[in-house]
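**Student:** sequence and predicted structure below; questions after.
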Amino acid sequence: MSTKSFQLTAVIERDDDWFVATCPEVDVASQGKSIEDAHANLLEAVELFLEVASPSEIKQRFTMTN
């Protein structure tokens, strides 16, 4: 099994008492009480998306942002 490495964007914004983190390349979002928590939660959400999404869904989302 080959592993591909690539860089994605994390946009983190404050929303009242929470930090909302989004990854625009794959249209995935998460949140946390701190910047670090929001980033860690986003990383987990993106990893889970990449594990369960079909190759065509992943390709479609990457194509939408480029």
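**Tutor:** Okay, I see it. Being a predicted model, the structure only gives us computed values, none of them experimental.
**Student:** contacts only, for S5.
**Tutor:** Taking C-beta atoms under 8 Å, 6 or more residues apart in numbering, we find S5 in contact with no residue. Where you see a C-beta, it was placed from the backbone N, CA and C, and this is true even at glycine.
**Student:** show me what the one helix or strand S30 maps to is packed against.
**Tutor:** Per DSSP states H and E, S30 falls inside strand 28-32. Packing contacts for strand 28-32, counted by 3 or more C-beta pairs under 8 Å, 6 or more residues apart in numbering; DSSP states H and E, involve strand 18-23, helix 35-52.
**Student:** residues in contact with it: which ones?
**Tutor:** 15, 18-23, 38-42, 44-46, 49.
**Student:** at 10 Å instead, please
**Tutor:** 8, 10-13, 15, 18-23, 37-50, 53, 61 (C-beta atoms under 10 Å, 6 or more residues apart in numbering).
**Student:** kindly report the same for stretch 43-58.
**Tutor:** If you take C-beta under 10 Å, 6+ apart as the criterion, stretch 43-58 is touched by 4, 8, 10, 21-23, 25-31, 59-61.
**Student:** and the angle for the lowest-mean-pLDDT helix or strand in the chain with strand 18-23?
**Tutor:** The helix or strand of the chain with the lowest confidence, counting by mean pLDDT, DSSP states H and E, is helix 55-65 at a mean of 85. Interaxial angle of helix 55-65 relative to strand 18-23 (axes from the mean of the first three to the mean of the last three C-alpha atoms, to 10 degrees): 100 degrees.
**Student:** list the buried ones in helix 55-65?
**Tutor:** For helix 55-65, burial by neighbour count (16 or more other C-beta atoms under 10 Å) applies to R61.
**Student:** cool, stretch 3-11 as well?
**Tutor:** Those would be A10, for stretch 3-11 by 16+ other C-beta under 10 Å.
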